[in-house]
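Asker: Give me a model of this one.
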Amino acid sequence: MEQSVTVRIGIVTVSDRASRGEYEDQGGPAIRSWLESALVSAWEPVARVIPDECARVEETLAELADTAGCCLVVTTGGTGPAPRDVTPEATEAVCAKLLPGFGEQMRAVSLRHVPTAILSRQTAGIRASTLILNLPGKPSAIAECLDAVFPAIPYCVDLIGGPYLETDPARVAAFRPAHARRPG
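Answerer: Take a look at the predicted model:
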């Protein structure tokens, strides 16, 4: 009998202040809440709160992909132009392939709400069978960005050999081409 494996999703808050306990992490819980509302597949979060240090971000992303077995790692914070904003650089360093369309779509959606969205450097990439996605830090922007890009995420995870992610179509409809079949 085939055992079902619970999908693991990494949620990484990149913030000096939150990692020191000086600021309540709002981004990580916002990601978790959004995913809880959108996914009907069994899944478990693997959360981390780390400082804005490139080596630390790289180490965390690699650990979540390679050791923790996360099929998706979603980061929040560290995507702006400030000197300590290094999340995109760390993501690029650990990924074999970049998927710039994610960042382009998130900026396009965010520009409808705030002109400073052009300062954001969100990106996405693939490390083995893990999709890594950078989001902004503000909870409302996190929801806007996930609403915009998540329809493509389940099929992307399929294509890189990850588990089948099923969404609640009333919340977000995952797009899969007609030839993509549900396993089993």
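Asker: Would you mind giving me the confidence score for Glu2?
Answerer: If you check Glu2, the pLDDT there is 44.
Asker: wait, Ala178
Answerer: Reported pLDDT for Ala178: 87.
Asker: Compute the number of surrounding residues for it.
Answerer: A total of 5 residues lie near Ala178 under the criterion other Cβ atoms under 10 Å. For the C-beta atoms, the positions are set from N, CA and C on the backbone; glycine is no exception.
Asker: Helices of this structure, start to end?
Answerer: Using DSSP state H, the helices of the chain run over 16-19, 27-38, 54-66, 87-94, 100-111, 139-149, 153-159.
Asker: Any chance of the ones you listed in CSV with mean pLDDT, mean neighbour count and distance to Gly125 as columns?
Answerer: Formatted as CSV, these follow (pLDDT from 0 to 100; neighbours: other Cβ atoms under 10 Å; distance: least, Cβ to Cβ, whole Å):
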stretch, mean pLDDT, mean neighbour count, distance to Gly125
helix 16-19, 96, 17, 23
helix 27-38, 98, 19, 17
helix 54-66, 98, 19, 9
helix 87-94, 98, 21, 6
helix 100-111, 97, 17, 9
helix 139-149, 97, 20, 13
helix 153-159, 98, 20, 11
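Asker: So which of the ones you listed is nearest Arg8?
Answerer: Closest approach to Arg8 among these is made by helix 54-66 (8.2 Å; Cβ to Cβ).
Asker: Can you give me every residue that contacts the spatially most central residue of the chain?
Answerer: Central residue of the chain (Cα atoms, centre = their mean): Val74, 2.2 Å from the mean position. Val74 makes contact with Ile9, Gly10, Ile11, Val12, Ile31, Leu35, Ile132, Leu133, Leu135, according to Cβ atoms under 8 Å, 6 or more residues apart in numbering.
Asker: one more time with 7 Å
Answerer: The contact partners of Val74, taken as Cβ atoms under 7 Å, 6 or more residues apart in numbering, are Ile9, Gly10, Ile11, Ile31, Leu133, Leu135.
Asker: With Gly21 instead?
Answerer: Contacts of Gly21 by Cβ under 7 Å, 6+ apart: none found.
Asker: Repeat the analysis, applying 10 Å as the threshold.
Answerer: By Cβ atoms under 10 Å, 6 or more residues apart in numbering, the residues touching Gly21 are Val49.
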